[in-house]
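1. I would like to see how this sequence folds:
(chains A and B)
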Amino acid sequence: MPDTRPALAARSIPRPALLCWAALPVLGRVAGDAMLSGAPGASPATQQFAYAAAVTVCALLLAGPTERLSGAAQWCAGAALAGLLAMFSPLAVPAPVPTGSPATALKLALALALVLALLLAARALLTRLTGDARAAHYLVVLLLAVTVAAPVWLGPLAATTDSTALANAALLLSPPSLLASAAGLDLMRQAWFYEHTPLGGLRYAYPPFALAALGYLALATLLALLPRATARGALRFNL
Amino acid sequence: MRRLLFPVLWLALSTGTAGATMDPELRSKARRATDYGLHYLRQHQAEDGSWSNSVGITALALRAFLESHRGYNESDGAFITRPIEFLLGHVNPDGSISETNQNRNYNTAVAITALQATGNEAYRPVIENAQAFLKGLQIDAGEGYDPEHRYYGGIGYGGDERPDLSNQYLALEALAATALDPADPLWARALAFVSRSQNRSESNDQPWAGNDGGFTYMPGYSPHGGTGSYGGMTHAGMLSLLFAGVDKSDPRVQAAYGWIRANYTLDENPGAPGRQGLFYYYNAFAKSLYAFGEPTLVDSAGVAHNWRDDLARKLLSLQAEDGSWVNPYSQRWWEGVKDLVTAWSVIALNLAVR
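-> Below you'll find the model as predicted:
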């Protein structure tokens, strides 16, 4: 059914979104605990990272249409808050409350908001280009999977060419690297990545958090503004 | 017994074992090769005394100088004192010595090994704080791991929870070098992890454990596929056993030595494809056979090898005109970094020519 109250929808938060916001910390906590189940001694920073990553994915999957910038911004801010709640609230999950640093948690919340902003902006652009919101959503989920796995598919090439630049590019492409940078974690030496990519055996450096965050913000802004540029109908693809 | 054996072992590693035999002409050439290697390092030292702007590489290069046949020490000048200042300048409040959150175990371990090699007691407080940091990295009940867990007793890079035998051996080397109490419970816990990295089912309770006596990277995983043993890790594993106070007659050490005899070669890192980790292997090879204390190794085909001669010949053949070494076949594990590979090679030659 078409929305007959566009102005109102832009000003207020839709009720389903409120429900999703309420569910996000719980979902993030449950999914984060599932990620951590194989590592009983995970450090507080690792726990915080897992909850932030889980909230990011859940927030993307639950996000409704966010064509308007204000809606996307509200959703990102809500997800960041949900991330903080997942990190510091016991909720109903029978796991100990993490004792990580609040400063790290805030950086992680910012990082997850930026990653989400970039993904939502990409989705809005794809929706504009294809005219199919569902297809755009699936494409962005696929894009997320591909970029998360960048160290896996770029790692062998970086190892073959001994390219520190390529290794660093693989990290820059992969959104979890921004979260890892915020948490001060060496993600490439964690068991899963170390076993699935040779990147952990190469010389590499995580981008400084501030620089990477600015990069994400700039790219998200660019993608968010592009639909306005294409609003005149110059670009539209049919899937 | 361990209390007695422990300092004896480290003394053997730091001052040399009796009965070392090496072809005199080859020894002379090998000493010249270390001089060329050290000259290369001098030429590539940064103004602040560091190499590659890395605590780890700086510490290894410093150790190469301090343990060389030239007997360099702090009175020789800024090329020795500045790298020490660089290391001390990266001491963190938690006791670690590192310029980055990555590799904190590796960097701290090699840094205190180098500081210890200066023989300067003024660095003792820094060393003791770093020992406490390294001890804190060990995975045990404090992190929620019970003794049955495959990670129990292990130490990793220091920025995560995944331990591995390579980082474990470097931490144990550092703790042994800096005289951590042999009665410290760390050693017994470390042995649990080391034993679970060995392909020896009699002492390894993991279901994947084979029986060739060699070591893999960590319980249940080798970067070369499966859980196969390979050269670099088998020498690291044998060293870890010796550092933890296990006698060389112990079946675990003998099994590791048996694997080394069966796979004796300097043409590759046995068990690793594409000569990956070749110079790490040479470095660990020199340290472990030096610590084991047998000048001649008889391989499983009955052929006797003077490992010092073989190692020196191989490293001489691989040295570049400028005095450096680098792995031309694989850059994995930083073996494309000349400063690092040159430092490793000089340390290996230093042990061979003693």
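2. and A:Ala135, how far is that from A:Gly64?
-> Distance from A:Ala135 to A:Gly64, counting by C-beta to C-beta, to the nearest Å: 16 Å. Any C-beta I mention is one placed from the backbone N, CA and C, and that applies to glycine too.
3. Next: A:Gly83.
-> Separation of A:Gly83 from A:Gly64 (C-beta to C-beta): 19 Å.
4. Of these two, give the one with the bigger neighbour count.
-> Applying other C-beta atoms under 10 Å in any protein chain shown to A:Gly83 and A:Gly64 shows that A:Gly83 carries more neighbours, namely 33 against 12.
5. any chance you could map the helices in chain A?
-> Using DSSP state H, the helices of chain A run over residues A:6-11, A:15-36, A:44-62, A:69-88, A:102-130, A:133-148, A:150-161, A:164-173, A:175-183, A:191-196, A:209-230.
6. mean confidence score for the first one?
-> Rounded to a whole number, the mean pLDDT of helix A:6-11 is 40.
7. mind checking the end-to-end distance for stretch B:204-212?
-> With C-alpha to C-alpha, to the nearest Å applied, stretch B:204-212 spans 12 Å between its terminal residues.
8. Check the offset of that stretch from the chain's centre.
-> Taking C-alpha atoms, centre = their mean, to the nearest Å, one finds stretch B:204-212 lying 24 Å from the centre of the chain it belongs to.
9. in it, what's buried?
-> B:204, B:209-210, B:212 (16 or more other C-beta atoms under 10 Å in any protein chain shown).
10. Which members of those are positioned in strands?
-> Using DSSP state E, no member of the buried residues of stretch B:204-212 falls in strands.
11. what's the most distant pair in the residues you listed?
-> Maximum pairwise distance among the buried residues of stretch B:204-212 (C-beta to C-beta): 11.7 Å, between B:Asn204 and B:Asp212.
12. Could you list the low-pLDDT ranges of the chain?
-> In the absence of a named chain, chain A is used. Along chain A, the model assigns pLDDT under 70 to residues A:1-17, A:67, A:90-100, A:227, A:229-239.
13. actually chain B
-> Counting by pLDDT under 70, chain B contains low-confidence residues at B:1-20, B:159-161.
14. I'd like to know how many residues surround the residue of the stretch 251-354 of chain B found nearest chain A.
-> Nearest to chain A in the stretch 251-354 of chain B, going by C-beta to the nearest C-beta, is B:Gln331, at a distance of 3.6 Å. For B:Gln331, the neighbour count with other C-beta under 10 Å is 23.
15. Pull up the gap between the nearest residue to B:Trp344 once chain neighbours are set aside and B:Ile347, please.
-> Excluding the flanking residues, the one nearest B:Trp344 by C-beta to C-beta, 6 or more residues apart in numbering or on different chains is B:Asn283, at 4.2 Å. Per C-beta to C-beta, B:Asn283 is found 6 Å from B:Ile347.
16. do A:Ala136 as well
-> Applying C-beta to C-beta, the value for A:Ala136 to B:Ile347 is 57 Å.
17. And for B:Pro295?
-> Counting by C-beta to C-beta, the gap from B:Pro295 to B:Ile347 is 19 Å.
18. And A:Ala180, by the same measure?
-> Computed as C-beta to C-beta, the A:Ala180 to B:Ile347 distance reads 32 Å.
19. who's more crowded, those two?
-> Using other C-beta under 10 Å as the criterion, A:Ala180 and B:Ile347 rank with A:Ala180 on top: 27 against 22.
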